[in-house]
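Participant: One predicted model, sequence on top.
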Amino acid sequence: MQKKKKASESYIVMTELVLPHHTNQLGNLLGGQLMHWIDICAALSAAKHSQRVCVTASVDRVDFHHPIKLGDAVTLHASVNRVYNTSMEVGVEVYAQSFKKNLKVHSNTAYLTFVSVDDNGKPVKTTQLLPETEDEKRRYEEALERREYRLQFRTRKH
């Protein structure tokens with residue numbers, strides 16, 4: 001029987017400071033810059049879980065709830081939601097914090113799919129996930145719903 005790893009073992013926290021070169025003309029963080037940070041944080045979570053290099057297969061969605069401003073600290077929280085065969089869904093929550101205003105807001109949520117690969121870049125089976133908390137179990141179930149929707153959408157396109 002294959003060993004399972006706890007969902008909590010894939011948890012990654014990453015913090016970035018929004019500097020002028022990260023912003024648009026309005027002083028807001030560029031969406032592409034945030035997506036870059038999300039991709040890195042999620043890739044680290046996937047690699048931590050699988051103990052392999054993991055490549056981005058898809059970005060399911062990125063929701064922008066609040067703008068992130070110049071000077072804000074951006075904290076990204078990532079963990080594996082569910083593992084399939086060679087792929088896994090990683091969820092990322094993004095928080096923006098203004099130290100001047102003493103304000104922290106949940107600004108973004110993202111779901112990405114990663115594939116574990118071997119040294120030749122070929123997909124390999126990865127370690128299964130063991131969700132323990134109620135939140136982890138909820139995310140585990142919701143990940144399956146998102147996957148079924150993605151697969152349904154993919155078959156309709158062809």
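Facilitator: Alright, I've got the coordinates.
Participant: got the buried residues for the lowest-mean-pLDDT helix or strand in the chain?
Facilitator: Every helix and strand of the chain was ranked by mean pLDDT, DSSP states H and E. The lowest is helix 134-157, at a mean of 85. By 16 or more other Cβ atoms under 10 Å, the buried positions in helix 134-157 come out as 136, 139-140, 143, 146-147. To be clear about C-beta, it is placed using only N, CA and C from the backbone, and glycine gets the same treatment.
Participant: buried sites along the longest strand along the chain?
Facilitator: Assignment by DSSP state E gives strand 103-117 as the longest strand of the chain. Using 16+ other Cβ under 10 Å as the test for burial, strand 103-117 gives 107-108, 110-117.
Participant: all strands of the protein, in order?
Facilitator: Per DSSP E, the chain carries strands over the ranges 4-6, 12-17, 53-64, 73-83, 87-98, 103-117, 128-130.
Participant: so the third one versus strand 103-117, what angle?
Facilitator: Regarding strand 53-64 and strand 103-117, their directions subtend 150 degrees when assessed with axes from the mean of the first three to the mean of the last three Cα atoms, to 10 degrees.
Participant: Compile the strands of the chain into a markdown table and extend it with columns for distance to residue 41 and mean pLDDT.
Facilitator: Converted to a markdown table, the strands of the chain look like this (distance: least, Cβ to Cβ, whole Å; pLDDT from 0 to 100):
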| stretch | distance to residue 41 | mean pLDDT |
| --- | --- | --- |
| strand 4-6 | 18 | 94 |
| strand 12-17 | 5 | 98 |
| strand 53-64 | 12 | 89 |
| strand 73-83 | 4 | 98 |
| strand 87-98 | 6 | 97 |
| strand 103-117 | 9 | 95 |
| strand 128-130 | 18 | 95 |
